[in-house]
Each structure stands twice: as C-alpha cells, then as structure tokens.
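Participant: next come a sequence and a model predicted from it.
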Amino acid sequence: MKSTEPIGEEVEEADIRDITGEAVIEHAEQRRTGRTGAMAMVISLIALAATIGGLMFGYWRLSSMDASVQALTQSFSGTEQRSGDLFSGMQAASQSLEQQLARLDAHRSALEDRERWLAEERDRLLREGEEIRSALASVTDRMGKSGTDWMVAEADYLLSVAEHRLSLDHDPKTALLAMRAAQERLEATGDPAWQETRAILQKEIGKLEGSSKVNTDRVASRVVQLVQTVDQLKIRGLSFNPDERSGGSPSPTAPEERSVETLLHDSWEGFKSIMVIRRRGQPVNAVLSPQQQYFVYQNIRLQLAVAQLSLIYENQSLYETSLEMVSHWLADYFDQEDETTRSFSAEIGKLQSMDITSESADFLSSLSALRANLSATGAPGGGGG
C-alpha cells in the first residue's frame with residue numbers, strides 16, 4: 001500500500017502555482033489599468049489647460065477691443081461737439097449772408113432806378129444830339145467852308161458823348177461810333193492845326209476797337225445754371241466699407257471636423273465680421289443734420305446771387321470773393337468723388353478766371369487835346385462841357 005503524503009504535497013504545490021499565476025495575472029492587469037488611467041488624466045489636463053488658455057486669450061482680446069471702442073466713443077463725442085460749433089458758425093454766417101442779401105436787394109433797387117434814369121437821359125441826349133446835328137448841318141450849309149469852327153464844336157460834342165458812354169453806360173460800341181464821327185468832322189475841316197488831335201483820336205479808336213470785354217450776359221447765364229444744379233450736389237458723409245484686408249468670410253467647417261479649436265475659431269471670426277474697428281489718422285467729419293444741410297445749400301445760392309449782382313456793377317473783387325467762398329464750401333462739405341461736384345467745381349474755377357471789368361478808358365485824351373487847342377486859339381466851343 002502506497003503512502004498518500006507525496007500526493008498531498010503535489011496537490012499543494014499545484015494549488016500554490018495556480019494561486020501565484022492568478023496573482024501575477026491580476027497584478028499585470030492592475031498595472032495596465034493604472035497606466036491607461038494616468039494617460040487619460042494627462043490628456044484631460046492638457047485639454048483643460050488649452051481650453052483655459054484659449055478663454056484667457058479671448059478675454060484679453062475682448063478687453064483690448066473694449067478699450068478701442070471707448071477711445072472711438074470719445075472721438076465721436078469730440079466730433080459731435082465740433083459739429084455743434086460748426087452749426088453755430090453756419091447759423092451766424094447765414095444771418096450775415098441774409099443781411100448782405102438784403103443790402104444787395106436795396107442796391108439792386110437803386111441800380112434799377114439808376115438804369116431807368118440813364119435810359120431816360122440817353123433818350124434825351126439822343127434827341128438833343130439829333131437836334132444839334134441838324135442845326136449844325138444847317139448852319140454849316142449856310143456858312144460854307146468858313147464854318148470850320150462849327151465842325152470843331154460838333155467834334156467836341158461828339159467826343160463828350162463818347163466819354164459819357166464809356167464812363168457812365170459802359171457802352172463802348174456807341175462811344176466808338178461817336179468817336180469815328182468826330183474824326184470825320186475834324187478831317188472835314190482840312191485844318192492842319194487839328195493834326196495832333198486827330199492822331200490822338202485815331203490811336204484811341206484803334207485801342208477801343210481792339211479791346212475785348214467779357215459778355216456779362218453769358219456769364220450771368222452760366223451762374224444761373226449753377227444755381228439750378230445746387231440741389232444735385234452730394235454732401236460728404238460717413239459710409240460703411242468692408243475691410244479690404246480681410247480675405248472674406250471663412251469657409252464653413254464640415255460637421256465631422258468640429259472640435260473645441262474650430263468652435264473657438266468660428267466664434268472669433270464671427271465676432272470680427274460683426275464689429276470692424278479702424279484707426280484713422282484724421283478726425284472723422286460728423287454727418288450734417290438736415291437743417292445744417294439746408295444752410296449749406298442756401299449759403300451757396302446766396303454767394304452765387306452775390307456773383308450775379310457783381311456782374312451788373314462790374315465789381316471784380318466782389319465777384320472773385322463770392323466765387324472763392326463757393327469753392328471753399330464745396331471743398332469742405334461736399335463729396336469730391338461725385339461727378340456733379342467735380343463738374344460744379346470746374347465751372348466755378350473757369351468763372352473765377354474771368355475779368356468782368358471793361359477794358360475801355362473812362363476819359364478820352366483826344367477830348368482834352370481838342371479843348372486845349374480850342375482854348376489856345378480862342379475858337380468858339382473851347383469851354384464846351
């Protein structure tokens with residue numbers, strides 16, 4: 001009969017090996033599980049840190065943008081204050097221009113009265129001239145060649161008429177006719193004593209024939225056309241223009257590519273598309289209110305009306321000043337890129353270059369020479385006025 005002790009020892013050893021194997025396997029599984037958890041923890045911490053960093057960067061960007069918005073708000077507040085000062089200045093200028101227009105209306109009425117009086121005087125002088133010429137012609141016919149003194153007296157009268165036409169009526173055409181008639185009278189005398197006077201008169205006739213005077217009626221018509229186009233001018237204002245440096249809106253991300261980074265990127269791009277902040281080197285002009293725009297248009301019309309009246313008076317200084325004011329208002333308040341504004345400014349520049357004054361002399365040297373000769377010889381008519 002065999003002993004059972006060895007068998008028991010084998011059983012115990014087998015149990016020990018089984019237990020030890022299970023323990024080793026369990027320990028290996030625990031080590032693998034621990035490494036996996038540690039790696040997941042590290043990845044979570046890295047993702048959390050990236051998220052916190054992105055949020056802090058976004059907060060910093062928002063803070064800097066808030067400071068820029070506050071600075072821009074202060075700039076607009078200053079612009080509004082300047083706009084108020086500008087409005088007060090425009091009101092004062094408008095009141096001054098209205099007073100000036102009232103004075104110009106009074107001058108216009110006085111000028112109309114003067115023109116009526118000059119027309120009456122012109123008709124009277126024409127009638128008297130015809131009567132005197134008829135009487136002189138009759139006396140000359142009766143006296144024959146011995147009546148040269150009457151021809152000289154008639155030349156004196158004709159030169160007086162020419163001088164009045166130049167100085168009072170600014171009518172060089174009629175003055176030229178009278179001067180030519182006086183030249184004919186002096187030549188008809190056949191007296192060499194009037195040779196010097198005739199030479200002076202001939203020189204003045206040539207100067208008057210070569211003088212060029214601006215057609216004030218045509219210039220006034222051009223000014224009226226400008227007045228009719230004032231309402232078509234476009235006032236300069238603020239307008240929104242997309243940022244040219246941006247490359248357009250970003251392309252949408254596919255749903256399968258969505259992540260925390262793409263979400264933050266899309267949020268930031270969307271915020272930038274809503275608010276665009278620009279830094280300008282010069283202050284932005286505030287948009288004029290409708291009342292201010294009305295004053296701007298009215299002031300331009302008033303200055304053009306002043307230019308029209310200066311054409312009547314042949315006041316070159318007032319004419320140039322009024323057009324220069326219009327040019328300044330166009331540059332300060334109207335859109336220089338607009339085609340109407342450019343053509344309007346070009347026409348103002350052309351009108352400014354015109355000389356509206358008459359180039360003819362107001363006093364005739366030939367008349368002085370003729371009367372000096374008459375006084376020296378003691379001929380009749382030497383004191384004629």
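Facilitator: Thanks, I have the structure now.

Participant: remind me which residues of this protein are low pLDDT?
Facilitator: The chain contains residues with pLDDT under 70 at 1-32, 34, 136-147, 169-170, 210-215, 237-287, 358-363, 377-385.

Participant: if you set the cut-off to 50 instead, what comes out?
Facilitator: 1-4, 144-145, 238-250, 276, 278-284, 381-385 (pLDDT under 50).

Participant: domain map for it?
Facilitator: What automatic domain parsing lists as the domains of the chain is 105-213+360-377, 214-238+286-357.

Participant: dump the ones you listed into JSON lines; add distance to residue 55 as well.
Facilitator: Every residue, glycine included, has its C-beta placed from N, CA and C. Below are the domains of the chain laid out as JSON lines (distance: least, C-beta to C-beta, whole Å):
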{"stretch": "domain 105-213+360-377", "distance to residue 55": "73"}
{"stretch": "domain 214-238+286-357", "distance to residue 55": "35"}
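
Participant: which among the ones you listed is found nearest to residue 96?
Facilitator: Closest approach to residue 96 among these (C-beta to C-beta): domain 214-238+286-357, 9.8 Å.

Participant: sorry, back to before: how about the domains of the chain in a markdown table, adding mean neighbour count and distance to residue 82?
Facilitator: What follows is those, written out as a markdown table (neighbours: other C-beta atoms under 10 Å; distance: least, C-beta to C-beta, whole Å):
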| stretch | mean neighbour count | distance to residue 82 |
| --- | --- | --- |
| domain 105-213+360-377 | 16 | 34 |
| domain 214-238+286-357 | 16 | 7 |
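
Participant: of all those domains, which lies closest to residue 86?
Facilitator: Sorting those by C-beta to C-beta, the top spot, which is the nearest, belongs to domain 214-238+286-357 at 7.6 Å.

Participant: now the helices for the stretch 1-150 of the chain?
Facilitator: Along the stretch 1-150 of the chain, counting by DSSP state H, counting those that start in this stretch, helices occupy 5-143, 148-164.

Participant: against which helices or strands is the last one packed?
Facilitator: Contacting helix 148-164 under the criterion 3 or more C-beta pairs under 8 Å, 6 or more residues apart in numbering; DSSP states H and E are the following elements: helix 5-143, helix 172-189, helix 365-377.

Participant: now residue 54: how far from residue 66?
Facilitator: 19 Å (C-beta to C-beta, to the nearest Å).

Participant: more neighbours: these two, which one.
Facilitator: Between residue 54 and residue 66, counted using other C-beta atoms under 10 Å, the more crowded position is residue 54 (16 against 10).

Participant: now do the contacts for the closest residue to residue 209 other than its chain neighbours.
Facilitator: Leaving out its chain neighbours, the residue that sits closest to residue 209 by C-beta to C-beta, 6 or more residues apart in numbering is residue 176, at 6.7 Å. Shown in contact with residue 176 (C-beta atoms under 8 Å, 6 or more residues apart in numbering): 162, 205, 208-209.

Participant: would you confirm that residue 333 contacts residue 296?
Facilitator: Yes. The pair residue 333 / residue 296 is scored as a contact, 5.3 Å apart, by C-beta atoms under 8 Å.

Participant: which residues are common contacts for these two?
Facilitator: Shared contacts of residue 333 and residue 296, counting by C-beta under 8 Å, 6+ apart, come down to 235, 288.

Participant: could the helices of the stretch 1-150 of the chain be laid out in a markdown table, adding distance to residue 181?
Facilitator: Conversion of these to a markdown table gives the following (distance: least, C-beta to C-beta, whole Å):
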| stretch | distance to residue 181 |
| --- | --- |
| helix 5-143 | 9 |
| helix 148-164 | 5 |
